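Novice: Have a look; sequence and predicted model below, questions after that.
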Amino acid sequence: MASRAAKGSSDSETVVDWMISSDSHIIEPPDLWTERIDSRFRGREPRVVRDGDHDWWTIDGQRSMSFLGVQTGDRFDKDATELITAASFEEVRPAAYDPSLYLAENADDGVMGSVIYPSEALLAYSIPDSELCSATMRAYNDFIAEFCAYDPGRLKGIALVNVDDPAEAVGEMKRAREIGLCGAMITVLPPEDRPYDDPMYEPVWSASVDLDMPLSMHVATGRRLLSVEAGQSSTQRVSEAAFYLQDHFVRKSLGEMIFSGVFERHPELRVGSVEHEVCWVPFFLFQADYCYTDRPPRGDWHRFEPGVLPSDFFKRNCFLSFQEDAVGIRVRDVCGEGTLMWGSDYPHTESTFPRSREIAAEILAGVPVEEQQAILRDNVARLYGFDLESIAPSGDG
């Protein structure tokens, strides 16, 4: 979503001149899964297939998507009709998969630390075969742990976890923590017959707290959402991309957790919305509180302690990783202090790179410096354990 800074220059300057991205990505190399997946899944793993001039990922024989990380920053200088959705791996910027270049390129953009999510592996959540889904995630977790081990103070990897089997999920969370990963991502849309108000997930919530691994729900990680169906073209309805996929599912899942008392039972649990932006939150919280206070309870609706509202749990237990939501910044007081965390989305086409400072300056114009610092680095540093003093540019802190 382009701001004025994204299409031109801005005279404003953010007071905070270096940042930590709460939502960055890597581009997976073509051999990630062919080299790492469990042997019994060989041939079904995500692999790259050349089609004409472009490379396409396939998962279990079904086409997924092509390579990202080839037009980072191009949206600032090109019309949207000039942007592409298909490329070859040779076109991917090396910094998207080389940790030393990754750190250098982001530092040039004012980003001194990054919480790292996948690209193609986001779509692992939509693999129907649950065992293949889990195996795909384990292989990715090994890869991203090695990537972040290059500089664990600046690179914080997020593990992929399949919660179809909560016991298995807990085991993978423990393993991921042992190999250095700092958080876990769960599907933003579990199967219809197993929503997040189901008691089956209690071990996952407990493990998240015990392991100090915040849980993330990233856009495009629905358990039944595939990028491209077999035999279809690589298209998506614009209404889905702009609206339905953006915040519908995360509202559903967070609502299920709040209203079923998950955060009441697990007061230290932190669960976040990633890349769904912020503007939806005020109305979501209004509706949640209104439903709780002004509609008669039906059936076995859970009731909280007297005086406690659904919005109280959101403000205490949830976090919001956003990219470029200037309107959301205006209503930040409704979301709750400590919930907002900026992310660059590097190296995707929609990324703020290489104009992150400009865009941050524009969307945070008029925001007190203490709040700027919290949004751009302090909140995410506290959540994932970044040492601000050690990663700050020389002479800053």
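Specialist: Nice, I can see it.
Novice: Residue 276 versus residue 378, what's the distance?
Specialist: Residue 378 sits 21 Å away from residue 276, going by Cβ to Cβ, to the nearest Å. (C-beta placed from N, C-alpha, C; glycine too.)
Novice: Looking at the two, which is more packed in?
Specialist: residue 276 (26 against 19; other Cβ atoms under 10 Å).
Novice: That one contacts residue 219, correct?
Specialist: Yes: Residue 276 is in contact with residue 219 according to Cβ atoms under 8 Å; the separation is 5.6 Å.
Novice: anything in contact with each of those two?
Specialist: 246, 250 (Cβ atoms under 8 Å, 6 or more residues apart in numbering).
Novice: tell me which element residue 131 is part of?
Specialist: Assigned by DSSP states H and E, residue 131 belongs to helix 130-148.
Novice: Just name whatever secondary elements that helix is in contact with.
Specialist: helix 32-36, strand 111-117, strand 155-160, helix 166-178 (3 or more Cβ pairs under 8 Å, 6 or more residues apart in numbering; DSSP states H and E).
Novice: Quick one, which of the ones you listed gets closest to residue 359.
Specialist: Among those, strand 111-117 comes nearest to residue 359, with 11.9 Å by Cβ to Cβ.
Novice: Okay, angle between the closest one and helix 130-148 too, please.
Specialist: 160 degrees (axes from the mean of the first three to the mean of the last three Cα atoms, to 10 degrees).
Novice: so what secondary structure elements neighbour strand 111-117?
Specialist: strand 19-25, helix 99-108, helix 130-148, strand 155-160, helix 379-384.
Novice: If we use 6 Å, what do you get?
Specialist: strand 19-25, strand 155-160 (3 or more Cβ pairs under 6 Å, 6 or more residues apart in numbering; DSSP states H and E).
Novice: Highest mean neighbour count out of the ones you listed?
Specialist: Per residue and on average, the most neighbours among these fall to strand 19-25, with a mean of 28 (mean count of other Cβ atoms under 10 Å).
Novice: Tell me the strands beside it, with direction?
Specialist: In the sheet, strand 19-25 lines up against strand 111-117 (parallel) (DSSP bridges).
Novice: quick one: the strand it pairs with to chain centroid distance?
Specialist: The chain centre lies 11 Å from the centre of strand 111-117; the measure is Cα atoms, centre = their mean, to the nearest Å.
Novice: rewinding a little: just put the helices and strands packed on helix 130-148 in JSON lines and tack on mean pLDDT and distance to residue 335.
Specialist: Converted to JSON lines, these look like this (pLDDT from 0 to 100; distance: least, Cβ to Cβ, whole Å):
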{"stretch": "helix 32-36", "mean pLDDT": "97", "distance to residue 335": "36"}
{"stretch": "strand 111-117", "mean pLDDT": "98", "distance to residue 335": "19"}
{"stretch": "strand 155-160", "mean pLDDT": "98", "distance to residue 335": "22"}
{"stretch": "helix 166-178", "mean pLDDT": "98", "distance to residue 335": "27"}
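Novice: Helices of the stretch 201-350 of the chain, start to end?
Specialist: Assigned by DSSP state H, counting those that start in this stretch, the helices in the stretch 201-350 of the chain fall at 202-211, 238-239, 245-259, 262-265, 281-294, 310-317, 326-330, 332-335.
Novice: The third one packs against which elements?
Specialist: Same thing as helix 245-259. Partner elements for helix 245-259 (3+ Cβ pairs under 6 Å, 6+ apart): none found.
Novice: roughly how far is that helix from the heart of the chain?
Specialist: 15 Å.
Novice: now this structure, which segments are flagged as low pLDDT?
Specialist: Applying pLDDT under 70 to the chain picks out residues 1-14, 225-245, 395-397.
Novice: rerun that using 50 as the cut-off
Specialist: 1-12, 226-234, 244 (pLDDT under 50).
Novice: farthest residue from the center of it?
Specialist: residue 296 (35.7 Å; Cα atoms, centre = their mean).
Novice: what separates that residue from residue 49, distance-wise?
Specialist: 56 Å.
Novice: between the helices and strands packed on helix 130-148, which gets nearest to residue 328?
Specialist: Using Cβ to Cβ, the helices and strands packed on helix 130-148 put strand 111-117 closest to residue 328, at 18.9 Å.
Novice: tell me, how many neighbours does residue 60 end up with?
Specialist: Neighbour tally, residue 60, other Cβ under 10 Å: 18.
Novice: Tell me who's in contact with it.
Specialist: residue 44 (Cβ atoms under 6 Å, 6 or more residues apart in numbering).
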